[in-house]
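**Student:** When you get a sec, could you give me coordinates for this:
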Amino acid sequence: MRYSTYQSIYEPVHSEAVKSNIGEFRMFITRFKLSQGLIKLVIASLIIFIGCSTVLTVFAGNENDLLPGGKIAVSQGETLWSISLEHKPMTMDTRIYIEAIKKVNQLESTTIQTGQVLTLPQFVK
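**Tutor:** Okay, the predicted model is just below:
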């Protein structure tokens, strides 16, 4: 029987269509590899950034090493930030010194009043 009435329900497979599908698959794999490389690069950059910022924070000073130091009366217009800039150690982060002032003076907020006497912290070297 040479002739059949059988018809496939599937589309005929053309070699060009198969080749284009393989090409698209290769492009997908290449893009996937590129995106994986980009993700690895971003993660490595974040690790380096966090590591560097941690090292800088460690060398900025430690509020556990503080001792009570001199006293200062708050003048009009002064803030904890301006006081910290004047009296903090050169290598210390201003924010850490502000937290140390708050801790030594048992302040709950950064609000200070004119005439208020603050004890300035000193750090162990």
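**Student:** Point out where this protein drops to low pLDDT.
**Tutor:** 1-4, 6, 8, 10-23, 25, 34, 54-69, 123-125 (pLDDT under 70).
**Student:** Strands along that one, start to end?
**Tutor:** Secondary structure of the chain (DSSP state E): strands located at 66-73, 117-123.
**Student:** Dump the last one to CSV, restricted to CA.
**Tutor:** To tie it back to what came earlier, the one meant is strand 117-123. Provided in CSV are the C-alpha atoms of strand 117-123 (Å, rounded to 0.1, in the frame of the first residue of the first chain):
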residue,chain,number,x,y,z
VAL,A,117,25.4,71.8,80.9
LEU,A,118,26.6,68.8,79.0
THR,A,119,29.4,66.4,80.0
LEU,A,120,31.6,65.7,77.0
PRO,A,121,32.8,62.1,76.6
GLN,A,122,36.5,61.2,76.3
PHE,A,123,37.6,58.0,74.7
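**Student:** Paired strands for that strand, with orientation please.
**Tutor:** Strand 117-123 sits in its sheet next to strand 66-73 (antiparallel), going by DSSP bridges.
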